[in-house]
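**Student:** Just need the structure, nothing else, for what follows:
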Amino acid sequence: FSKRVCVIIINKSSRFRIVRGKVPSRRKKPHTHTRVTTPRKMSFAVSSFVGTRVVAKTNVRASSSSRRASSVQVFAERKLWLPGIKTPDYLDGTIAGDYGFDPLGLGSDPERLKYYQEAELMNARWAMMAVVGICTTEALGIESKWYMAGQEDYGFPVNAQLAVLFPTMGFLETKRITGWLSTGKSGINDTFPFDPLGMGADNETMKLKEIKNGRAAMLAFIGICVQALVLREGPLAALQDHIANPFGNNLATNVMNLPINLA
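**Tutor:** A predicted model of the protein is given here:
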């Protein structure tokens, strides 16, 4: 009785009356207590009277609001190549290394987007191997510069090299593209994905690290090629020149001295 009197006093919208100190029976009306909004400090008293329906409704509201908050948080945490820029609809962040960058709209076709993704990954892997190979040979002091290695005489005729190179690369590339079309994963020969060291070819974190390092390597390889064309030096030699004289050997001075360097 005391609980009911408490609720009657607190919740003025309930249809109760106190007649001569007695609590009459409640009128037959649809349950409207689910729509009553009570202050936080009164929630326990009301819930003890009306049961678990208000509690259940509160949980539903909390879960729906938490879902909205989580979706907004995921959207806010996505990194873009330019903060605040509107990304294309087909770049939804599901691809590893997707930062919404596609100014030419090359990936607007979903089928071609898959090919471009695989092509970027393959070029990234070649660039990483090339940068490591160029820097390693220069650090070991091999006399032939990397951009002059193609004209060296290795005691093996060029025609014979091409006769071996084209069939071998053609076979491997055919196997690679066939395996990729059937499995959707990059590999070599009959191994898809190719991960002999077990570094996690299907791990999303490793995929992101690979494509980020590959993009950096592609930019580095372009810089190495430009250095070789302008300075006739390797990347380590150009780095040493810049460290020795940073104001005399940098991008600006090399551009200004381009006619002299190319002469």
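**Student:** So which residues of the stretch 151-263 of the chain form helices?
**Tutor:** Applying DSSP state H, counting those that start in this stretch to the stretch 151-263 of the chain gives helices spanning 158-183, 204-231, 235-244, 251-256, 258-262.
**Student:** Throw the ones you listed into CSV and include mean neighbour count, distance to residue 110 and mean pLDDT, thanks.
**Tutor:** The C-beta positions use only the backbone N, C-alpha and C, and glycine is treated the same way. Conversion of these to CSV gives the following (neighbours: other Cβ atoms under 10 Å; distance: least, Cβ to Cβ, whole Å; pLDDT from 0 to 100):
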stretch, mean neighbour count, distance to residue 110, mean pLDDT
helix 158-183, 12, 15, 89
helix 204-231, 16, 19, 92
helix 235-244, 14, 38, 93
helix 251-256, 12, 40, 84
helix 258-262, 10, 43, 75
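**Student:** Switch those over to JSON lines; also include distance to residue 134.
**Tutor:** Below are the helices of the stretch 151-263 of the chain laid out as JSON lines (distance: least, Cβ to Cβ, whole Å):
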{"stretch": "helix 158-183", "distance to residue 134": "20"}
{"stretch": "helix 204-231", "distance to residue 134": "6"}
{"stretch": "helix 235-244", "distance to residue 134": "7"}
{"stretch": "helix 251-256", "distance to residue 134": "19"}
{"stretch": "helix 258-262", "distance to residue 134": "20"}
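**Student:** isn't residue 232 right up against residue 261?
**Tutor:** Yes. In this structure, residue 232 is within contact of residue 261 by Cβ atoms under 8 Å, at 7.5 Å.
**Student:** ok so, going back, so which of the helices of the stretch 151-263 of the chain is nearest residue 79?
**Tutor:** helix 204-231 (10.5 Å; Cβ to Cβ).
**Student:** and the closest one, how far from the chain's centre?
**Tutor:** 17 Å (Cα atoms, centre = their mean, to the nearest Å).
**Student:** Also stretch 87-104?
**Tutor:** With Cα atoms, centre = their mean, you get 9 Å for stretch 87-104.
**Student:** Quick one: mean pLDDT over it.
**Tutor:** Averaging pLDDT along stretch 87-104 yields 89.
**Student:** Give me the contact list for it.
**Tutor:** Under the criterion Cβ atoms under 8 Å, 6 or more residues apart in numbering, residues 78-81, 85, 105, 107-108, 110, 113, 117, 204, 207-208, 210-212, 215 lie in contact with stretch 87-104.
**Student:** and the residue lying closest to residue 184 once chain neighbours are set aside, how far is that from residue 103?
**Tutor:** Computed as Cβ to Cβ, 6 or more residues apart in numbering, the closest residue to residue 184 that is not its neighbour in sequence is residue 114, at 7.7 Å. The gap separating residue 114 from residue 103 is 20 Å, by Cβ to Cβ, to the nearest Å.
**Student:** same deal with residue 162?
**Tutor:** Residue 162 is 38 Å from residue 103, by Cβ to Cβ.
**Student:** same deal with residue 169?
**Tutor:** On the measure of Cβ to Cβ, residue 169 and residue 103 end up 32 Å apart.
**Student:** With residue 253 instead?
**Tutor:** Applying Cβ to Cβ to residue 253 and residue 103 gives a distance of 31 Å.
**Student:** Equivalent analysis for residue 205, please.
**Tutor:** For residue 205, the distance to residue 103 - Cβ to Cβ - is 27 Å.
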